[in-house]
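Engineer: using only what follows, build the 3D model:
(one chain, ligands or ions: 2)
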Amino acid sequence: MTVNKNRSDLIQSYQKNDLCIGTLGSHSALNIFKGAKEEGFKTVCVCKKENAIIYRKFPLVDNLIIVQDFSELLNDSLQEKLQSLNVILIPHGSFTAYLSTEDLVNNLFVPMFGNRELLHWEANRNKQAEWLSQAGLLLPKTFKKPDEIDRLVIAKLPGAKGGKGYFLANSPSSFRKKFNEMVFRGLLKIEDLDKVHLQEYALGVNVYPHYFSSILKHDVELLGVDKRYESAVDSIGKIPASEQLEIEINPTYTIVGNIPLTLRESLLPQLIRMGENVHKKAVDLAPPGIIGPFCLETVITDDLKIYTFEISARIVAGTNIGIGNSPYAYLRYGENMYMGRRIALEIKEAQNKDELNTILA
Ligand code: AMP
Ligand code: AMP
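Structural biologist: Ligands and ions are numbered 1, 2, ... in the order given. Model (predicted):
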């Protein structure tokens, strides 16, 4: 057997009554596997040895494939194996964190749920901003160079994992001071200076709404909302202000977990329209638009302005708060609906209607 590299007929060669749902063992894998099982699919997990314990303790995986490194997903032998098991891959945050967009688009030949073309729009901050602002969303202002800083900004590095290496500054001189401190602490390198993205800091609370865009039903569903629990920023308030000043604390944003949110009901119309508009714009940019889960990363201010600073056009780990249920999934589907299961349900419906080609890339 060899890897079938002809995307257009890949799914044709699959045994349709024996489809498997597969993903990398990390991020939202338990959510995806539980949903797959509840919709009657077999599951395949490509996992690092040290993490296999998760998928042994929670018995949701039919076929556990151990790798040294997630990049092995690109090897012919593993791709052949996944194709022979009729695997449909569900991409999540670890795909984009540990593999390049180019590899995901050009060198991965296992059918994937979602629109691969949108990965290019998601991976590039400028393209993301173009997409979101053309969809009519309010974005924090960006600054081209540190000398332009005239308000509180958050300095971000491309590809930073979990906000590591982000810092705040409110003037050109405070930017230079903080940047040098970050270099001294080993969190940034001198050559990162040109890559730093400077964004207005939106003062408010984090709100991450989770959507599901159904191509089969021509609908965008709101299924849940979370906020993040980040180290060390979420613990800074425990230290008295005088000590904070003394030790010159700089907030860092390493994600540790997620907390479910239910929103003030009058915020829902705007959030629902934002999700619909982002999908509509994606239809223009990369037809047929967003296929499946996506999430907007927003800050809501005290005058109830909603600033969107990022989009993830795939399942986010924040949806793990809904495993079993979330208020919004319950309001729409009743009991026991959540993102992992919603994905599996869409695949099952596409399979029944013989429309798998519409939802896979
Ligand atoms: P990991 O496989 O845990 O290293 O995560 C892969 C990527 O997803 C990293 O960029 C993480 O920052 C992000 N990520 C993982 N878990 C979460 C979470 N619970 N909430 C938000 N982002 C996450
Ligand atoms: P990210 O890695 O982009 O998900 O962001 C990490 C953290 O930085 C999250 O807590 C965000 O809320 C925060 N953050 C990112 N951009 C902004 C912004 N423009 N204004 C306020 N907070 C932000």
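Engineer: ranges for the helices of the stretch 151-300 of the chain?
Structural biologist: Assigned by DSSP state H, counting those that start in this stretch, the stretch 151-300 of the chain shows helices spanning 172-184, 241-247, 268-285.
Engineer: which of those helices has the lowest mean pLDDT?
Structural biologist: Lowest mean pLDDT of the helices of the stretch 151-300 of the chain: helix 241-247, a mean of 86.
Engineer: CA-only coordinates of that helix in CSV, if you can.
Structural biologist: Extracted in CSV, the C-alpha atoms of helix 241-247 (Å, rounded to 0.1, in the frame of the first residue of the first chain):
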residue,chain,number,x,y,z
ALA,A,241,-0.3,46.4,45.2
SER,A,242,2.7,47.6,47.2
GLU,A,243,4.5,44.2,46.8
GLN,A,244,3.5,44.1,43.1
LEU,A,245,5.3,47.4,42.6
GLU,A,246,8.3,46.3,44.6
ILE,A,247,8.9,43.1,42.6
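Engineer: picking that back up, any chance of the helices of the stretch 151-300 of the chain in JSON lines, with mean neighbour count too?
Structural biologist: C-beta here means a position set from N, CA and C on the backbone, and glycine is covered the same way. Output for the helices of the stretch 151-300 of the chain, formatted as JSON lines (neighbours: other C-beta atoms under 10 Å):
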{"stretch": "helix 172-184", "mean neighbour count": "15"}
{"stretch": "helix 241-247", "mean neighbour count": "9"}
{"stretch": "helix 268-285", "mean neighbour count": "17"}
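Engineer: tally of neighbours for the closest residue to ligand 1 within the stretch 201-350 of the chain?
Structural biologist: Closest residue of the stretch 201-350 of the chain to ligand 1, C-beta to the nearest ligand atom: residue 317 (3.2 Å). Residues near residue 317, counting by other C-beta atoms under 10 Å, number 22.
Engineer: any chance you could read off phi and psi for it?
Structural biologist: Residue 317 adopts backbone torsions of phi -70, psi -20, taken as degrees, to the nearest 10.
Engineer: mind checking how far it is from residue 255?
Structural biologist: Residue 317 sits 8 Å away from residue 255, going by C-beta to C-beta, to the nearest Å.
Engineer: can you check residue 25 too?
Structural biologist: For residue 25, the distance to residue 255 - C-beta to C-beta - is 18 Å.
Engineer: neighbour count for the two, which is higher?
Structural biologist: A count of neighbours by other C-beta under 10 Å puts residue 25 above the other of residue 25 and residue 255, at 23 against 16.
Engineer: so that one makes contact with residue 47?
Structural biologist: Yes - using C-beta atoms under 8 Å, residue 25 is in contact with residue 47, at 3.0 Å.
Engineer: what sits in contact with each of the two?
Structural biologist: Jointly contacting residue 25 and residue 47 under the rule C-beta atoms under 8 Å, 6 or more residues apart in numbering are 54-55, 64.
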